[in-house]
Every structure is written in structure tokens, then in C-alpha cells.
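Enquirer: just the structure for this:
(2 chains)
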Amino acid sequence: MHIPDGFLSPQTYLPAAALALGAWAWAARGLRERLDETLLPRLAMLTALAYGLGLVMLPLPGGTSGHALGVALLALVFGLRLAFLAYSGVLLLQALLFGAGGLTALPVNALALGLVGGATAIALHRLLRRCNETAAVAVAAWCSVVVPGALVALVLGLQPLIARRPDGAPLFFPFGAEITLPAVLIPHAFIGVGEAALTLLVWRYARMRKWLS
Amino acid sequence: MAFMNARRWLYLYLAVLPAPTFIHDPRLLGLGLLLAVAASGAGRWRILRRSLLAILAFNLSVSLGVVLVGLWRGQVDTDWLLLANLRVLLMVHLGFWFVARVRLLDALAGWPTATLVATLALGQARGFDRMLRDFRLAFASRNIARPRWRDRRRHAGAQAIALLDKAQAQSTEVALAMRSRGAFDVTADA
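Expert: Residues are numbered from 1 along each chain as shown, chains lettered A, B, ... in the order given. Purely as a prediction, here's the structure:
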């Protein structure tokens, strides 16, 4: 669900960049101490998986794309800070190597998909795991797609209000939230089911390999 | 341009990239695109083609939406169509031009943590790609007739587990090699 370059106004991406820089600094604190030869290969492997998942995308008329994220997986296995950093790296590589997303849209994409998606997954998993572990992982993964989707749709939908010509014509993204929200959320409700199944599959693999604490 | 190393190209790219978002005249954006294409060197048409293909699906879907809404309202906003498509094309072209000119790992060379993660992620992504191709070819060679869905499902499951195991083994090797070269030593630049 990346937003491509050129659809966000500077009034949106500049404050988002300031926020994202702070979040990246927070996430990177003590990173080198935490990364060792045991954790790093697992992180690289699941990051590459997230990277691959993000490349199989379906353009949506709401101005973004539909694809699985893999961010719930990263967050549940490695925690929020590492997941956010790793997913930001995934978005950076996809932007530079495939033109998917973009550098001006990177802060919004990273905050929505990496930080909010990861935080949603962790919070819901913690809340629900006492009832049923499998259901908790599935719900966390589904929401980690849908909640960032709503956020991305809202940011896009705000563009016609934020940046327009004196005659009211939009300068960046042309559709309001009344179009972007259903256009993004309806397909992502289905994509979230696939994300939940995939997350469960890899979650079980991680548990089998005793990666989870 | 001998004084331009990978890091300086990165800074230049980061400085120039936001410019199209401050320009709202399609003629200026068109001129910017022409200049960028002209300056892209011998590979300019390949970069332009790649940029067009990268934005095609997204921009086409949004542009079609704008055209349909415009037709319904009785006025299509051609200015916006030109402005948005030229802006996106210019920004993506700048990105591909940068990547074609500069090795990403060289540009990140001053940031050890970023280099470390990018090296592993890029290596993994390429490894995944190679393994998937091997599996696909092996599966095709074992099936003379069209495989049943049950076989495909079983193959996909086995492939997923093998992929994850192989990927972990591969990145463990890389991580151990990096350790032996001091990549995990905590230094002042961490």
C-alpha cells in the first residue's frame, strides 16, 4: 500500500520526514549491540521475505497499491524497533530499485506501514494471546495491514484539502477520503486474510526453530 | 565530474528530488524531464522506459479515475493529468538515473549499520530470487503433465520451508564472515 512519489504535498512529507527521522533515531539506538550473528541472519531472512512480498502488488484506483506487508511477522519476531527499521529498509530498496513508493513518500510509508503496522500487530497480539495464540497472531497480522491502510488512505484523502490552486483544483492527489478510504480498505480487508495466513505459517516456522522468546 | 563520488551523488539526488513537488507548472516539469533525460547519458532511453513501466500501473489507475470523475462532472482536469504524470515520471526517472549511476552500497559506505543491513537484505533478496527460479525449474522438470492443485500445494509448502532454511543458512554464513571482519564490533560510528 505504498504511496508513490509525487502524490504527497511538501506540507505533508516534510513534517512526516521530521517525525520519521526522530522515530528512526529512536529505533536505531543501541542497534549494533542488539545485532549479533544469531539475530542478524533471521532478521535479514524475514526482511528479504517482506521485501519480496511487497513487490507483488496490485494498483488500486485510490492512488496506492495492494500487497502483503510482512511487517506483523517482523514485529512479532523481533519487536517494534527492529521491525520498523527493517521495514523502512525494505521500503527504501523498493523505492530505489523498482520505483515502488519513493523517497519523498518514504517517511509517510515507513511511519504508517512500519511503525503503526508493527505497533498494531504487537499490541493486538499481547492483548489476545491469552485467549488463543493462533487467533492472536492472525488478528494481529490482519490489523497490521488494515490499520496502516486506513492511515495511508486518510493521508492521501487529505491532499486535496492541504494543497490546491486558488480555484480549488488539487495540486497533488485528486481524490478525497470518501474515495480513498473504501478504495484502499476494501481490497486490503481481503489482502489481510492472506497476510494472516502467511504470518501464521512463518510464525509456526519461527516457533519450530525456537526463535521466539 | 571526477569530484563527484557516490556519497556526493546521493546528496545531490536527495537535494534535487523534492524540487518537482514545489513546481506546479506542467511546462516547467516537462522541461525538467527533458533536461533529466538529456543528462542521463547513454542509457537515457532505457532509464526512461524503466521509469514509464514503473509508474504505468499506478498513474494509469489514478489518471483513469480522474478522467472518469471528470466525465461524470462534465469537465476533465487535463492540467492535473499533465502535472501529476509529468511530476511522478520526473521523480522516478531521477531515482533510476541515480541508481544506474551510483552503486547503492558505495553511497551508503559512510554509515556502517546501513551498509550492513543493506548488504544482507540485498544479498538475501537475490538469493531468494535464485532459489525460487531453481525450485520452479525443478518442479517443471518433474512434471511431464500439468500438476494437480494438491501437488502444487505440497510443492509450495516444501519450497517455503526449504527457502526459509536455506536463506537462514546463507545469511548465517554471511553474518559469520562479517563477524570475522569486525562488522559487529561496536565502534564510535555505530
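Enquirer: domains in chain B, by residue range?
Expert: B:6-104, B:110-180 (automatic domain parsing).
Enquirer: wait, what's in contact with residue 20?
Expert: In the absence of a named chain, this looks at chain A. Residue A:20 is in contact with A:88, A:106-107, A:110-111, counting by CB atoms under 8 Å, 6 or more residues apart in numbering or on different chains. Yep, even glycine has a C-beta here, placed from its N, CA and C like the rest.
Enquirer: chain B was what I was after
Expert: With CB under 8 Å, 6+ apart, residue B:20 has these contacts: A:6, B:29, B:32, B:87, B:90-91.
Enquirer: redo these as CSV? Include distance to residue A:118, pLDDT and secondary structure.
Expert: Shown next, in CSV, are the contacts of residue B:20 (distance: CB to CB, whole Å; pLDDT from 0 to 100; DSSP: H, G, I helix; E, B strand; the rest coil):
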residue, distance to residue A:118, pLDDT, secondary structure
A:6, 26, 89, coil
B:29, 36, 94, helix
B:32, 37, 95, helix
B:87, 31, 95, helix
B:90, 32, 95, helix
B:91, 27, 94, helix
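Enquirer: where's residue 141, which helix or strand?
Expert: Since you didn't name a chain, this refers to chain A. helix A:133-162 (DSSP states H and E).
Enquirer: not quite, I wanted chain B
Expert: Judged by DSSP H and E, residue B:141 forms part of helix B:112-142.
Enquirer: what about the closest residue to residue A:71 other than its chain neighbours, helix or strand, and which?
Expert: Once flanking residues are discounted, residue A:71 sits nearest to residue A:117: 4.3 Å by CB to CB, 6 or more residues apart in numbering or on different chains. Per DSSP H and E, residue A:117 falls inside helix A:117-128.
Enquirer: and residue A:31, how far from residue B:59?
Expert: Note on residue A:31: its distance to residue B:59, by CB to CB, to the nearest Å, is 37 Å.
Enquirer: in JSON lines, list the contacts of residue B:20 along with neighbour count and distance to residue A:209.
Expert: As requested, these are exported to JSON lines (neighbours: other CB atoms under 10 Å in any protein chain shown; distance: CB to CB, whole Å):
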{"residue": "A:6", "neighbour count": "26", "distance to residue A:209": "42"}
{"residue": "B:29", "neighbour count": "24", "distance to residue A:209": "51"}
{"residue": "B:32", "neighbour count": "20", "distance to residue A:209": "51"}
{"residue": "B:87", "neighbour count": "23", "distance to residue A:209": "46"}
{"residue": "B:90", "neighbour count": "27", "distance to residue A:209": "46"}
{"residue": "B:91", "neighbour count": "29", "distance to residue A:209": "41"}
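Enquirer: of those residues, closest to residue A:131?
Expert: residue A:6 (44.3 Å; CB to CB).
Enquirer: pretty sure that closest one sits against residue A:101.
Expert: No: assessed by CB atoms under 8 Å, residue A:6 is found out of contact with residue A:101, at 11.1 Å.
Enquirer: for chain A, which helix is longest?
Expert: helix A:177-208 (DSSP state H).
Enquirer: and it, what's buried?
Expert: A:177, A:179-181, A:183-185, A:187-188, A:191-192, A:195-196, A:198-200, A:202-203, A:205-206 (16 or more other CB atoms under 10 Å in any protein chain shown).
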